[in-house]
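>>> Predicted model, plus sequence, below.
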Amino acid sequence: MEKSKGIEKLFFDLASESRLGIIRELQEQNLKNNELGGKLDLTATEAFRQLQHLAEARLVQRLPDGTYAITNYGKLTLRASSITRIYLRA
């Protein structure tokens, strides 16, 4: 039962287009909150809220220079979600 809660939470974390967009942007380069907001047409407040959510899920991390980066777990999760989408289309 405990494992399914983790999976359900991960699916919830990835269900938001904003959060998924942030992870995809961070896969390309580390960015600051306001840079992400500009790229994804989010307010600074909304981008920050989504980044906090992703950081709590350990999909992204805030670096000392104020930028955010995708974690190894985030990279793995993004890769797995891409594989799943390909599999579901077949």
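Structure received. Model, not experiment: these values are computed from the prediction. Numbering: from 1, shown residues only.
>>> Let me know the helix or strand that residue 61 is in.
Of the helices and strands defined by DSSP states H and E, residue 61 is found in strand 60-62.
>>> Could I get the buried residue list for that strand?
By neighbour count with 16 or more other C-beta atoms under 10 Å, strand 60-62 contains the buried residues 60, 61. Where you see a C-beta, it was placed from the backbone N, CA and C, and this is true even at glycine.
>>> try stretch 40-47
By neighbour count with 16+ other C-beta under 10 Å, stretch 40-47 contains the buried residues 40, 42, 47.
>>> Which of the residues you listed sits closest to residue 30?
Using C-beta to C-beta, residue 47 comes nearest to residue 30 of the buried residues of stretch 40-47, at 14.2 Å.
>>> contacting residues around the nearest residue to the closest one once chain neighbours are set aside?
Distances taken as C-beta to C-beta, 6 or more residues apart in numbering place residue 37 nearest to residue 47, at 3.8 Å, with adjacent residues excluded. Contacts of residue 37 were listed using C-beta atoms under 8 Å, 6 or more residues apart in numbering, and they are 43, 44, 46, 47.
>>> can I get the CA coordinates of the host helix or strand of residue 37 in CSV?
Assessed by DSSP H and E, residue 37 sits inside helix 33-40. Below are the C-alpha coordinates for helix 33-40, written out as CSV (Å, rounded to 0.1, in the frame of the first residue of the first chain):
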residue,chain,number,x,y,z
ASN,A,33,12.5,31.3,-10.9
ASN,A,34,11.7,34.5,-13.0
GLU,A,35,13.4,33.0,-16.0
LEU,A,36,11.2,29.9,-15.8
GLY,A,37,8.1,32.0,-15.3
GLY,A,38,9.0,34.0,-18.5
LYS,A,39,9.6,30.9,-20.6
LEU,A,40,6.4,29.2,-19.4
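>>> which element follows it toward the C-terminus?
Per DSSP H and E, the first helix or strand lying C-terminal to helix 33-40 is helix 44-56.
>>> quick one: low-confidence ranges for the protein?
Along the chain, the parts satisfying pLDDT under 70 run over 1-5, 82-90.
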